[in-house]
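Engineer: give me a 3D structure for the following:
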Amino acid sequence: MRAQRLDETEPFGAGPAAAQAAIEQLGYVQIDTINVIERCHHHILYARIPAYKRSDLAHLQSSEKSAFEYWTHALSYVPTADLPYFIPAMKAYRETPSAWFGSVTKAEVSAMTRRLKTEGPLSIRDIDDDQLVDKTHPWASRKPSKRVLQLMFYQGLVAIAAREGMVKTYDLIGRHFGWEKNPRPATERQVTAYLLDRALRSQGVVSLDSICHLNAPAKKPVRELIEARVKRRQLLPVTLEGAEKVPHWTTPAALETAALNPAHRVHILSPFDPLIIQRKRLKLIFGYDHIFEAYVPAAKRQYGYFALPVLVDDRVVAAVDMKTDRQAGKLLVQKWTWLADVGAEAKAAIDVELGRFERFQLQAGR
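Structural biologist: All right, here's what the predicted structure looks like:
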């Protein structure tokens, strides 16, 4: 809870600086397309910044350029200071392009580079001279230029300079960041240390799986680094009740963290929140088995299409399926599932937070 900064009401303050501090603490903030309520990157920041505005994140990305988009375990906002740790992955995409982009040619990349140099930053909406093709995947585009820009993004040739909803504006990466020369890539050893340190900072107590979430190739070097730090007493092995056979570690400083004082502090969390997204870890620590049912047939859903966990202090007490009716100006509760008994004070605190959450959903522009 301390590592996730969910043990305080306003741990970061307000404004763009608060959003920057939150991204730095968490390491990354996931982006997703689902929009039945506010998209998850805004929701994750709002959960830790009561006065959060969407414009705060836009300012970091497009004006200060202190946060950038790239792939972690999913597309995410990452502190720009961490960019050197991603350059090796960008280089790997240039040397061995994914089969997903197999149809993109070097000539197309060169042509798009020239176009960006000449015309400036472009979104896919700005490109109206494509010969449209049939989609080969539900998330694909009929515009071939989109796949070219996506490949160039993964290769580190372009950066997402701005975002409006899910529409991205691309610019040449050096021009976007104003580089006189490209930053030096981190070494393999530095990337390994970055993964471990990021997890320790944002998770408090870590396992090999939690450090290397959806990144199996990193496990061997991370394990070796953990062993070295344990020998130097920089990390301590810890045992979690119910998971005695799963090795966990933490820092000596983390063990000195004071216990959480019950305060009926309520957080309505996104299913993509970093506290929720690692399901096995969530179940182990909180005893809550979150089910993401957006892709489950309606008749088989237990909690609902887009259920949000409700956290009171350090307990997940309910799962609430909600939807924002933007035309009617209402936040609709589709289904409510209690997971724990709570008293009158906690229920009153949840009601207050629901009202605040509804206002956040309906704020225009913001």
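Engineer: helices of the chain, residue ranges please.
Structural biologist: 16-26, 40-46, 54-58, 87-95, 106-119, 144-154, 173-177, 188-203, 208-211, 219-231, 279-286, 344-362 (DSSP state H).
Engineer: and those as JSON lines, adding mean neighbour count?
Structural biologist: From N, CA and C alone the C-beta is placed, and that goes for glycine too. Formatted as JSON lines, these follow (neighbours: other Cβ atoms under 10 Å):
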{"stretch": "helix 16-26", "mean neighbour count": "22"}
{"stretch": "helix 40-46", "mean neighbour count": "23"}
{"stretch": "helix 54-58", "mean neighbour count": "19"}
{"stretch": "helix 87-95", "mean neighbour count": "15"}
{"stretch": "helix 106-119", "mean neighbour count": "13"}
{"stretch": "helix 144-154", "mean neighbour count": "21"}
{"stretch": "helix 173-177", "mean neighbour count": "17"}
{"stretch": "helix 188-203", "mean neighbour count": "18"}
{"stretch": "helix 208-211", "mean neighbour count": "19"}
{"stretch": "helix 219-231", "mean neighbour count": "15"}
{"stretch": "helix 279-286", "mean neighbour count": "17"}
{"stretch": "helix 344-362", "mean neighbour count": "16"}
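Engineer: how far away is residue 250 from residue 234?
Structural biologist: Residue 250 sits 11 Å away from residue 234, going by Cβ to Cβ, to the nearest Å.
Engineer: who touches both of these two?
Structural biologist: Counting by Cβ atoms under 8 Å, 6 or more residues apart in numbering, residue 250 and residue 234 have no common neighbour.
Engineer: check what pLDDT the residue nearest to residue 21 when sequence neighbours are not counted gets.
Structural biologist: Sequence neighbours aside, residue 12 is the residue nearest to residue 21 in space, at 4.6 Å (criterion: Cβ to Cβ, 6 or more residues apart in numbering). Residue 12 is assigned 98 on the pLDDT scale.
Engineer: these two touch, right, residue 12 and residue 5?
Structural biologist: Yes: checked against Cβ atoms under 8 Å, the pair residue 12 and residue 5 is within contact range at 7.0 Å.
Engineer: quick one on the thing from earlier: what's the burial count for the residue nearest to residue 21?
Structural biologist: 22 (other Cβ atoms under 10 Å).
Engineer: can you tell me how far it sits from residue 205?
Structural biologist: In terms of Cβ to Cβ, residue 12 sits 22 Å off from residue 205.
Engineer: go on, residue 48?
Structural biologist: 19 Å.
Engineer: one more: residue 75?
Structural biologist: 27 Å.
Engineer: so for stretch 256-268, what gets flagged as buried?
Structural biologist: 264-268 (16 or more other Cβ atoms under 10 Å).
Engineer: ok, the nearest residue to residue 67 once chain neighbours are set aside - how many residues close by?
Structural biologist: Nearest residue to residue 67 in three dimensions, chain neighbours excluded: residue 60, at 4.2 Å (Cβ to Cβ, 6+ apart). Residue 60: 21 surrounding residues under other Cβ under 10 Å.
Engineer: quick check, residue 60 in contact with residue 68.
Structural biologist: No: using Cβ under 8 Å, residue 60 is not in contact with residue 68, being 9.1 Å away.
Engineer: show me where the stretch 251-366 of the chain has strands.
Structural biologist: With DSSP state E, counting those that start in this stretch as the criterion, the stretch 251-366 of the chain has strands at 266-268, 307-312, 315-325, 330-338.
Engineer: could you list the low-pLDDT ranges of the protein?
Structural biologist: 102, 132-142, 364-366 (pLDDT under 70).
Engineer: hmm, 90 instead?
Structural biologist: 9, 96-104, 128-144, 165-166, 242, 257-262, 363-366 (pLDDT under 90).
Engineer: list the residues that contact residue 120.
Structural biologist: residue 171.
Engineer: also the one 5 residues further on?
Structural biologist: Applying Cβ under 8 Å, 6+ apart to residue 125 gives the contacts residue 167.
Engineer: how about residue 163?
Structural biologist: Contacts of residue 163 by Cβ under 8 Å, 6+ apart are 58, 61, 69, 169.
Engineer: give the bridge partners for it, please.
Structural biologist: residue 168 (DSSP bridges).
Engineer: for it, give its distance to residue 169.
Structural biologist: 7 Å.
Engineer: can you check residue 58 too?
Structural biologist: Residue 58 is 11 Å from residue 169, by Cβ to Cβ.
Engineer: what residues are shared contacts of these two?
Structural biologist: Joint contacts of residue 58 and residue 169 (Cβ under 8 Å, 6+ apart) are 162-163.
Engineer: ok so, going back, need the contact list for the residue nearest to residue 21.
Structural biologist: Contacts of residue 12 (Cβ under 8 Å, 6+ apart): 5, 18-19, 21-22, 25, 48-49.
Engineer: ok, back up a step: just put the contacts of residue 163 in a markdown table and tack on distance to residue 299.
Structural biologist: Putting these into a markdown table (distance: Cβ to Cβ, whole Å) gives the following:
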| residue | distance to residue 299 |
| --- | --- |
| 58 | 40 |
| 61 | 41 |
| 69 | 37 |
| 169 | 41 |
